[in-house]
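K.L.:
After the sequence you'll find the predicted model.
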Amino acid sequence: MIKNFIVAMALVAVPCNTFADPRILPMRERAAVIDRWLTARVQTVLPKLMRRTGIDMWVIISREYNEDPVIRTFLPSKWQSARRRTILLIYDPGEREPLETLAVARYAVGEMFEQAWDKELHGEQWARLAALIVERDPQRIGLNFSDTFALADGITQTDYKLFHEALPERLHDRVVSAEKLAIGWLETRTADEMAVYQQIVRIAHEILAEGLSDQVIQPGITTTNDVSWWYRDRIRELKLTTWFHPSVSIQRAEQPAIDMKAAIASRHDDDVIMPGDLLHVDFGITYLRLNTDTQQHAYVLLPGETEAPEELRLALSRGNRLQDILTGQFITGRSGNEILGSALAVAKDEGITASIYTHPIGFHGHAAGPTIGLWDQQGGVSGRGDYPLYPDTAYSIELYAETEIDSWDKPVRIQLEEDAFFDGENIYYIDGRQRELLLIPRVVPVQ
């Protein structure tokens, strides 16, 4: 009981004026931004993707509370979910014409999807959908089903069956998987989004750094789970959400070395943070329908220390070098598996013990696009790893580099993750990356 009280005081009764609250929009302004982005995406991004994939009609079907992951990205800001059965019909009449965007639903879906079904006027919903399709006579009708990508596999068995029953038999062979269209829609970032994404990642960086400071951590008292839950509360205080529970873990000299599988299993253990510990945090936020994913390290100073040991600083630099090796392999058209294999080969030549498990970031945390390794699949990932790299896409550059620490008599694993954007030729970190270990407490220069 006393321990819990002390921990609570350590977490709550500390001044927070070192870290100013970031600028975060009120809900009404967020809604305006989301709707403006959606309109621009439908008008500019979607036509190019439909023509790239050769699909002239895309039908997206969802029922309330059982939403296709894709349809959520088409819903207006005021909609939290689909309503009843929501069917979106997107038709490309040709190069010189704008897309036709219809809602075959009880309600219009925002301003972009005009209501095209009135039950009292048109009768049954499926019959109306079939009539609209027949009128337009598309050559390839895309539905969201996929063996490879969960995010492109949103149509349920029931809706698939009912769709085929309603569609005239002569059009059945025109139905195709919209996998590449769905992934392209989800993964493509616009200039408007990227102008704001930097601030979103900056907010995440600021929260992360605040948690890894003596504003939150009292060595010898505060535990790793105290910090994890502090992050959850801090995110809510700022009127944000997160897409996963943050983790805080420790590497220290007296612990035995463990493999990655054991490290993942123990990342939510509750350990008291002590001087000399190397802390690792995995943290992300969701804001304006975009997500972040960051992993950084902090070192808890021993009495008399003013900086982290040189061995640990060199370990971090090797992690930075591995980041450079990986991002140097980003070339348009390469598959995730090709990027992975090339990067690991270079790392091996340079004597870096490496593991790469990078994923796209955007509308989802583990988002649509090429998978570039999994921690337990360093030989490549079948299917998702075969997908090519496209311009205007974002990635969480996630990996680790192991370095032997002589004074610890074991290796240290530097696990880094930073969000980056690929424009087709160059890749850059959206809000920079960690190059120096955060220190607890922060060292104040002597005047």
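P.N.:
Everything's here; your move.

K.L.:
Just the buried residues of the helix ranked longest in the chain, please?
P.N.:
Selection of the longest helix in the chain by residue count, based on DSSP state H, yields helix 191-211. Judged by neighbour count using 16 or more other CB atoms under 10 Å, the buried positions of helix 191-211 are 193, 197, 199-211. Every C-beta, even on glycine, is put in place using the N, C-alpha and C of the backbone.

K.L.:
Buried residues of the helix or strand following it, list them for me.
P.N.:
Next along the chain after helix 191-211, taking DSSP states H and E as the criterion, comes helix 224-237. Residues of helix 224-237 classed as buried by neighbour count (16+ other CB under 10 Å): 224, 226-228, 230-231, 234-235.

K.L.:
Let me see the mean pLDDT of the helix or strand containing residue 59.
P.N.:
Assigned by DSSP H and E, residue 59 belongs to strand 57-63. Strand 57-63 shows an average pLDDT of 96 in the prediction.

K.L.:
quick one: buried residues of it?
P.N.:
Neighbour counts over strand 57-63 (16+ other CB under 10 Å) mark 57-63 as buried.

K.L.:
Residue 74: which of the residues you listed is nearest?
P.N.:
Using CB to CB, residue 60 comes nearest to residue 74 of the buried residues of strand 57-63, at 6.9 Å.

K.L.:
how much space is there between the residue nearest the centre of the chain and residue 282?
P.N.:
Nearest residue to the geometric centre of the chain (CA atoms, centre = their mean): residue 365, 2.3 Å. Per CB to CB, to the nearest Å, residue 365 is found 11 Å from residue 282.

K.L.:
mind checking how far the residue nearest to the centre of the chain is from residue 125?
P.N.:
34 Å.

K.L.:
Show me what the strand holding residue 59 is packed against.
P.N.:
With contacts taken as 3 or more CB pairs under 8 Å, 6 or more residues apart in numbering; DSSP states H and E, strand 57-63 sits against strand 85-91, helix 125-136, strand 141-143, helix 157-166.

K.L.:
got a list of contacts for the longest one?
P.N.:
Contacting residues not belonging to helix 125-136 are listed as 57, 59, 85, 87, 89, 91, 93, 100, 102, 104-105, 116-117, 119, 122, 141, 162-163, 165-168, 171 [CB atoms under 8 Å, 6 or more residues apart in numbering].

K.L.:
hmm, back to that, how far away from the center of its chain is the strand holding residue 59?
P.N.:
Centroid separation between strand 57-63 and its chain, computed with CA atoms, centre = their mean, to the nearest Å, is 24 Å.

K.L.:
what's the nearest residue to residue 90 if we skip its chain neighbours?
P.N.:
Nearest non-adjacent residue to residue 90, counting by CB to CB, 6 or more residues apart in numbering: residue 58, 4.4 Å away.

K.L.:
residue ranges of the helices in this structure, please?
P.N.:
Under DSSP H, the chain gives helices at 2-12, 27-40, 46-53, 119-122, 125-136, 157-166, 179-187, 191-211, 224-237, 260-265, 310-327, 336-349.

K.L.:
looking at those, which is buried most?
P.N.:
Counting by mean count of other CB atoms under 10 Å, helix 179-187 has the highest mean neighbour count of the helices of the chain, with a mean of 24.

K.L.:
and it, what does it pack onto?
P.N.:
Judged by 3+ CB pairs under 8 Å, 6+ apart, helix 179-187 is in contact with helix 46-53.

K.L.:
check contacts around residue 106.
P.N.:
Taking CB under 8 Å, 6+ apart, we find residue 106 in contact with 83-84, 117, 119.

K.L.:
before we move on, what about residue 344?
P.N.:
Neighbours of residue 344 in contact, by CB under 8 Å, 6+ apart: 354, 356, 378.

K.L.:
By neighbours, which of the residues you listed wins?
P.N.:
Ranked by neighbour count (other CB atoms under 10 Å), the contacts of residue 344 have residue 356 at the top, with 25 neighbours.

K.L.:
so where's this structure uncertain?
P.N.:
Across the chain, the ranges flagged by pLDDT under 70 are 1-20, 444-447.

K.L.:
per-domain residue ranges of it.
P.N.:
Following automatic domain parsing, the chain resolves into domains at 27-186, 190-440.

K.L.:
if we can go back for a sec, between the contacts of residue 106, which is nearest residue 312?
P.N.:
Distances from residue 312 to those, taken by CB to CB, are shortest for residue 83, at 53.6 Å.
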